[in-house]
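S.K.: coordinates only, sequence not included:
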Ligand SMILES: Nc1ncnc2c1ncn2[C@@H]1O[C@H](COP(=O)(O)OP(=O)(O)OP(=O)(O)O)[C@@H](O)[C@H]1O
Ligand SMILES: [Mg+2]
């Protein structure tokens, strides 16, 4: 094994004639928190869509856990251990925190989860996993609260928990703090740092402060390409990064 859980080679995604991702070769080392940052429009979310299967790259390829997955659909990627956080809108708003986590533990997509829900006998391990994850999320006190009644920040934490329920080899998070209140951001930041101790996390994030404090490796994108890659201290000190962010304003 290479020690890399995810690798892209010369990856490109064009929208019409515009290359939002333009030749990205990236390697994510297993067991690390690897962040992708960059100014607005740098291509971070487009890259994320290529990785999760939401968009098919126009060029290049993606290797996950030793398998070429470039053209595999999203659900097939989930099945081999790639998880992304669910959207808030995909939480079961009327179900409790505990029930949401149990459903996510029992199946990796909604339909399967509901089918499995009936075979309760096989569910013991799933139930225990859901309880463990609920503790890690610090949501045990909210176990019986409907997801829809949680604060926005808590809903986003629950989304991350839903992704964890499948015991993924790689957890992909696109701006997990977006739309969060200032009070909730440290909670999410701490959760991701904690998860990084025993998971591989790829974090796409706009907030430099968060990224600098928890990442092992940072890839800086600009105009669809990798501008700089390295440890937080090196990235923070790099003039090219500063210039790219300043350029954003102009
Ligand atoms: N569906 C689309 N069709 C055409 N152009 C798109 C589409 N989605 C994104 N783009 C363009 O591709 C570029 C990269 O967008 P992307 O959303 O990947 O950037 P980003 O780094 O995630 O930005 P942000 O920090 O604002 O989230 C932008 O110029 C954007 O306008
Ligand atoms: Mg984005």
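M.R.: Okay, I see it. It should be emphasised that the depicted structure is a prediction, and the values quoted were computed from it without experimental measurement. Numbering: from 1, shown residues only. Ligands and ions are numbered 1, 2, ... in the order given.
S.K.: going forward, measure contacts between C-alpha atoms and count neighbours the same way
M.R.: OK.
S.K.: any idea of the mean pLDDT in stretch 93-111?
M.R.: Stretch 93-111 shows a mean pLDDT of 81.
S.K.: for that stretch, which positions count as buried?
M.R.: By neighbour count with 16 or more other C-alpha atoms under 10 Å, stretch 93-111 contains the buried residues 93, 95-108.
S.K.: in helices, which of these appear?
M.R.: Those of those mapping onto helices are 97, 98, 99, 100, 101, 102, 103, 104, 105, 106, per DSSP state H.
S.K.: ok, for the first one, nearest residue in space, not its chain neighbours?
M.R.: This means residue 97. Distance criterion C-alpha to C-alpha, 6 or more residues apart in numbering; nearest residue to residue 97, sequence neighbours excluded, is residue 143 at 5.1 Å.
S.K.: please tell me how far the closest residue to residue 126 other than its chain neighbours sits from residue 45.
M.R.: Of all residues not flanking residue 126 in the chain, residue 105 sits nearest, at 5.3 Å (C-alpha to C-alpha, 6+ apart). Separation of residue 105 from residue 45 (C-alpha to C-alpha, to the nearest Å): 26 Å.
S.K.: residue 245 now?
M.R.: Taking C-alpha to C-alpha, one finds residue 245 at 17 Å from residue 45.
S.K.: those two: which has the busier surroundings?
M.R.: For residue 245 and residue 45, the more surrounded residue by other C-alpha atoms under 10 Å is residue 45, and the numbers stand at 18 against 14.
S.K.: and that one, what does it touch?
M.R.: 174, 204 (C-alpha atoms under 8 Å, 6 or more residues apart in numbering).
S.K.: report pLDDT for it.
M.R.: On the pLDDT scale, residue 45 gets 94.
S.K.: okay, and it sits in which element?
M.R.: helix 44-52 (DSSP states H and E).
S.K.: does ligand 1 have contacts with that helix?
M.R.: Yes: contact of helix 44-52 with ligand 1 (C-alpha under 6 Å from any ligand atom) involves 44, 45, 46.
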